[in-house]
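**Student:** Using only what follows, build the 3D model:
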Amino acid sequence: MTGAPDFSQQLAAAGILFRRNEPLAPHTTFKIGGPAAWFCEPDSEAQLAQTLSLCRACGVHHYVLGRGSNVLFADEGFEGAVISVGKSISQIVVDVPAGRVCAQAGARLADVCRAAADSGLAGLEFAFGIPGTVGGAVYMNAGAYGGEMCDVLESVTFVDETGAAQILPASELRLGYRTSVFSQRDWCIIGAVLRLAEDDPDSIRARMTEYAKRRADKQPLDLPSAGSTFKRPEGAYAGALIEQCGLRGFAVGGAAVSEKHCGFVVNKGGATCADVIELTDRITQIVREKTGYVLEKEIRVVR
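**Tutor:** Residues are numbered from 1 along each chain as shown. The predicted model follows:
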């Protein structure tokens, strides 16, 4: 990495909090992953942009991390800077007359849902229970129960590859099934504006409670996972195909197909990235051979 030896000095000079060789497993919902060479925790949007600029100037590979709910880090770790967008970049502002919620990238989706409900703004209920941040949800156009972020997203503020702040309307973000322009460009999401509709707060909370109950009833929330492991193939459901192939409980090492919902690979204890990769590869092969469907991983594998 060009310039990497003085990267630590530049982070320190800028007042950006960082740790060397930080284990990544505790920072993901899968509880898997080796150490990051640098684990950076900027305390503001300005520091986030500065951290990105330093990474580029020093030739340091970087990865922006929210709650780590859809990511699988390699066992050997990440030879670069993992930039954590957390509590310091998580402000939520509700504008009831305008029907808008403005949320920074590190804001938890659950917190945004509650803030909207408390203010009588509806439309985001589907996201209640998705274990991620606003930034991650926009990045992958997260969705559940018939709703997606593209349904409520008005605009996104981000830092482009030159370090300049930009704002684009949702119509220009190439939002599709579990994808967006952000998966194709070296852009970092800073915040988003959501357009919602007025409704009775109690009715909104009731829908959120129902979605949360359905999630708890059907999903293996008691074991570490990265959420739905595979994208939904056209004309079918990944979990149903995996179950149809007799793979419920199928395991490699500490990684296994959930007994509760076959669309989830779970960490039953001590699972490694290698276990998950081998398991998902074998599932993909078996499903293709038996059904003709080709499964594509929804989780992001970061090496």
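**Student:** residues contacting the residue lying closest to Glu259 once chain neighbours are set aside?
**Tutor:** The shortest distance from Glu259 to any non-neighbouring residue, by Cβ to Cβ, 6 or more residues apart in numbering, is to Gly249 (5.2 Å). For the C-beta atoms, the positions are set from N, CA and C on the backbone; glycine is no exception. Counting by Cβ atoms under 8 Å, 6 or more residues apart in numbering, Gly249 touches 256-257, 259.
**Student:** from the residues you listed, which ones fall inside strands?
**Tutor:** 256-257 (DSSP state E).
**Student:** quick check, nearest of the contacts of Gly249 to Asn70?
**Tutor:** Val257 (17.9 Å; Cβ to Cβ).
**Student:** so who does the closest one touch?
**Tutor:** Taking Cβ under 8 Å, 6+ apart as the contact definition, Val257 lies against 242, 247-251, 264-266, 279, 283.
**Student:** again, but for His27
**Tutor:** 33, 39, 65, 68, 82, 84 are the contacts of His27 under Cβ under 8 Å, 6+ apart.
**Student:** Make JSON lines out of the residues you listed and add distance to Gln50, pLDDT and secondary structure.
**Tutor:** As requested, the contacts of His27 are arranged in JSON lines below (distance: Cβ to Cβ, whole Å; pLDDT from 0 to 100; DSSP: H, G, I helix; E, B strand; the rest coil):
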{"residue": "Gly33", "distance to Gln50": "25", "pLDDT": "98", "secondary structure": "coil"}
{"residue": "Phe39", "distance to Gln50": "16", "pLDDT": "98", "secondary structure": "strand"}
{"residue": "Leu65", "distance to Gln50": "17", "pLDDT": "97", "secondary structure": "strand"}
{"residue": "Gly68", "distance to Gln50": "22", "pLDDT": "95", "secondary structure": "coil"}
{"residue": "Val82", "distance to Gln50": "16", "pLDDT": "98", "secondary structure": "strand"}
{"residue": "Ser84", "distance to Gln50": "14", "pLDDT": "97", "secondary structure": "strand"}
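**Student:** Rebuild those residues as a markdown table, extending it with distance to Cys102 and neighbour count.
**Tutor:** A markdown table is the format used below for the contacts of His27 (distance: Cβ to Cβ, whole Å; neighbours: other Cβ atoms under 10 Å):
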| residue | distance to Cys102 | neighbour count |
| --- | --- | --- |
| Gly33 | 32 | 25 |
| Phe39 | 28 | 21 |
| Leu65 | 22 | 25 |
| Gly68 | 24 | 26 |
| Val82 | 26 | 28 |
| Ser84 | 21 | 26 |
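**Student:** where along this protein do the helices fall?
**Tutor:** For the chain, the helices defined by DSSP state H occupy 7-13, 45-58, 109-118, 134-139, 201-218, 238-244, 273-291.
**Student:** tell me which residues of the last one are tucked away?
**Tutor:** Of the residues in helix 273-291, those scored as buried under the neighbour-count criterion (16 or more other Cβ atoms under 10 Å) are 273, 275-277, 279-280, 283-284, 286-287, 291.
**Student:** hang on, the earlier thing: for the helices of the chain, which one ends up most surrounded?
**Tutor:** Ranked by mean neighbour count, the helices of the chain are led by helix 134-139 with a mean of 28 (mean count of other Cβ atoms under 10 Å).
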